[in-house]
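Asker: sequence first, then the predicted structure, then my questions.
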Amino acid sequence: MKICRNCENVFESGSLCPECGGALHDVSEKEENAYNARLKRTVSRQSSRSYGLNSTFSDSVLGSLSLFGTSLQGLRPLRAAKAQTENYVGTYAGAGIVFFLLAAINFLAPKLVRAISSIRLRLTSDEKPTPSAFWVATKNIAKYAYFAFGAMLLLLNLIEIL
Ligand SMILES: [Zn+2]
């Protein structure tokens, strides 16, 4: 193993650093240990937390709000059913419940969402898929979108004239 003392990049072989053009030196045991420790830190940093697999505090708050919203959505259809009001469709309530539930699951159980979406990958390969930055970004946008849809449908549900 060779190391460039200029930029601390490590290479398998060679005499000049492809990154900065500096000379490559043989790696001492101490440098190799330091490099491995750094590599390990980087890998563990890139696993769970930064990949959005754990719920943050704001996730828990929004997730609870979603659950609360789900029950709010159900109130009106229940009342309409009790009063046997005709002409009540409840489309907004139904769709709103779906979106709030999706938001709640994404906010409160991101690991479950990841497990479900990687089932297909697991069936075709033994490798445990690592979420890509893109996947995480999509999931992060999706949960806020679900929440926004749920809130919008709740509003429509409450002012529904039909
Ligand atoms: Zn270099």
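Answerer: The structure has been received and is ready for your questions.

Asker: tell me the domain boundaries of this protein?
Answerer: 2-46, 49-159 (automatic domain parsing).

Asker: most tightly packed of those?
Answerer: Comparing the domains of the chain by mean neighbour count (mean count of other Cβ atoms under 10 Å), domain 49-159 ranks first with a mean of 15. Glycine gets a C-beta too; all of them are placed from N, C-alpha and C.

Asker: turn the domains of the chain into a markdown table, including mean pLDDT.
Answerer: A markdown table is the format used below for the domains of the chain (pLDDT from 0 to 100):
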| stretch | mean pLDDT |
| --- | --- |
| domain 2-46 | 84 |
| domain 49-159 | 79 |
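
Asker: of those domains, which is nearest the ion?
Answerer: Evaluated with Cβ to the ion, the domains of the chain place domain 2-46 nearest to the ion, the distance being 3.1 Å.

Asker: is that closest one in proximity to the ion?
Answerer: Yes - part of domain 2-46 sits near the ion under the criterion Cβ under 5 Å from the ion, namely 4, 6, 7, 17, 19, 20, 22.

Asker: show me the residues around the third one that make contact.
Answerer: To tie it back to what came earlier, the one meant is residue 7. 17, 19, 20, 22 (Cβ atoms under 8 Å, 6 or more residues apart in numbering).

Asker: same question, the second one
Answerer: Applying Cβ under 8 Å, 6+ apart, one finds that residue 6 lies in contact with 17, 20, 22.

Asker: show me where the protein has its helices.
Answerer: 29-46, 57-83, 91-108, 110-117, 119-124, 133-159 (DSSP state H).

Asker: which elements pack onto the last one?
Answerer: This means helix 133-159. Here helix 133-159 touches helix 57-83, helix 91-108, helix 110-117, going by 3 or more Cβ pairs under 8 Å, 6 or more residues apart in numbering; DSSP states H and E.
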